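K.L.:
Please find the sequence and the predicted model below.
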Amino acid sequence: MWYTFKMIKLSRSKIDLFLECPRCFWLEMKKGIRRPQPAPYTINSAIDILLKQEFDIYREKQKPHPAMEKFKIKAVPFNHPEISNWRNTFNGVQFYHEPTDFFIFGGIDDVWINSKDELIIVDYKATGANQHKIYDSYGRQMEIYQWLFRNNNFLVSDVGYFVFARVNKENGFESESPVLSFDLFIEPYKGDTSWIEQTLLSAKKVLESETPPDPSFTCEFCKYCHNVYNAQLDI
């Protein structure tokens, strides 16, 4: 595949940033001005690693994980030589989108395969909430992964799954060997990737502009900057 010198690497998270706030997207991509980063979710990262290790055991066996059987999912973890690369945050599943010169990539959590040889995109989520929820950003994340795999010539199911690890709050830390336990829940999600193409074209148009888009007052960062600026004028 031929790549041009104008090619821009665009991660899955940057696409989501554009949808949240085109101005923040422009500032980061054009000027290197990033939003302040939140503290790392180290427990979430640990759970992510543990789930990958556990599902890998069943990937080698080519058998469904017990949670998959519990939720009646007729599939097995997909055993493919590229699975480690697909999971790599800085590598991931990749596709060069010629109309925009964007090199799109995203690191997945897991991928399963069903009896129809369809790939099933899977994402792990940790939560402390009593009711786990599929947020809009989760859905977009899933859809971008589905789109990437399809553009790599894989047959992909419209239905993906979120594996939620929810903290079991009934067990405390009073025992001699305290353990923080989690309950696993698997929720289906039917993806719709029809929005992606137009979104990429719109993002390209924003990046071609020499001036940033107007501030968005649904964006907490834009509101903060606006309020700071006005406060300085009053001093």
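P.N.:
The structure has been received and is ready for your questions.
K.L.:
Can you give me the neighbour number for residue 35?
P.N.:
Other residues within reach of residue 35, judged by other Cβ atoms under 10 Å, total 15. C-beta coordinates here come from the backbone N, C-alpha and C atoms, glycine included.
K.L.:
secondary structure element for it?
P.N.:
Taking DSSP states H and E as the definition, residue 35 sits outside all helices and strands.
K.L.:
ok, it - contacts?
P.N.:
24, 28, 221 (Cβ atoms under 8 Å, 6 or more residues apart in numbering).
K.L.:
For the residues you listed, could you give me TSV that also reports neighbour count?
P.N.:
Below are the contacts of residue 35 laid out as TSV (neighbours: other Cβ atoms under 10 Å):
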residue	neighbour count
24	23
28	16
221	16
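K.L.:
quick one: which of the residues you listed sit in helices?
P.N.:
Cross-referencing these against helices under DSSP state H gives 24, 28, 221.
K.L.:
pretty sure the last one is in contact with residue 25, am I right?
P.N.:
No: because the distance of 11.2 Å does not satisfy Cβ atoms under 8 Å, residue 221 is recorded as not touching residue 25.
K.L.:
lowest-pLDDT helix or strand in the chain?
P.N.:
helix 220-234 (a mean of 84; mean pLDDT, DSSP states H and E).
K.L.:
Ends of stretch 206-215, what's the gap?
P.N.:
Terminal residues of stretch 206-215 lie 13 Å apart, using Cα to Cα, to the nearest Å.
K.L.:
can you redo the contacts of residue 35 as JSON lines with distance to residue 149?
P.N.:
Shown next, in JSON lines, are those (distance: Cβ to Cβ, whole Å):
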{"residue": "24", "distance to residue 149": "28"}
{"residue": "28", "distance to residue 149": "26"}
{"residue": "221", "distance to residue 149": "32"}
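K.L.:
and which of those residues is nearest residue 97?
P.N.:
residue 28 (19.0 Å; Cβ to Cβ).
K.L.:
Could you check the pLDDT of the closest one?
P.N.:
On pLDDT, residue 28 comes in at 96.
K.L.:
again, but for residue 2
P.N.:
For residue 2, pLDDT reads 46.
K.L.:
check which helix or strand covers residue 185.
P.N.:
strand 182-190.
K.L.:
So what are the sheet partners of that strand and their directions?
P.N.:
Here strand 182-190 is paired, per DSSP bridges, with strand 159-167 (antiparallel).
K.L.:
Distance from the strand it pairs with to the middle of the chain?
P.N.:
Relative to its chain's centre, strand 159-167 lies at 13 Å (Cα atoms, centre = their mean, to the nearest Å).
K.L.:
Okay, buried residues for the helix of greatest length in the chain please.
P.N.:
Longest helix in the chain by number of residues (criterion: DSSP H): helix 42-61. Buried residues in helix 42-61, counted by 16 or more other Cβ atoms under 10 Å: 47, 48, 51, 52, 55, 56, 58, 59.
K.L.:
Please report how far residue 216 lies from residue 25.
P.N.:
Distance from residue 216 to residue 25, counting by Cβ to Cβ, to the nearest Å: 10 Å.
K.L.:
For the chain, which residue occupies the most central location?
P.N.:
Taking Cα atoms, centre = their mean, the centroid of the chain lies closest to residue 141, which sits 4.0 Å from it.
K.L.:
returning to what we had before: please save the CA atoms from the least confident helix or strand of the chain in PDB.
P.N.:
These are the backbone C-alpha positions of helix 220-234, laid out as PDB (Å, rounded to 0.1, in the frame of the first residue of the first chain):
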ATOM      1  CA  GLU A 220     -16.100  21.700  29.400                       C
ATOM      2  CA  PHE A 221     -12.600  22.600  28.200                       C
ATOM      3  CA  CYS A 222     -13.800  25.400  25.900                       C
ATOM      4  CA  LYS A 223     -16.100  26.700  28.600                       C
ATOM      5  CA  TYR A 224     -13.200  26.800  31.100                       C
ATOM      6  CA  CYS A 225     -10.900  28.700  28.600                       C
ATOM      7  CA  HIS A 226     -13.700  31.100  27.800                       C
ATOM      8  CA  ASN A 227     -14.400  31.800  31.500                       C
ATOM      9  CA  VAL A 228     -10.700  32.300  32.300                       C
ATOM     10  CA  TYR A 229     -10.300  34.700  29.400                       C
ATOM     11  CA  ASN A 230     -13.300  36.800  30.500                       C
ATOM     12  CA  ALA A 231     -12.100  36.800  34.100                       C
ATOM     13  CA  GLN A 232      -8.700  38.200  33.000                       C
ATOM     14  CA  LEU A 233     -10.500  41.000  31.200                       C
ATOM     15  CA  ASP A 234     -12.200  41.900  34.400                       C
END
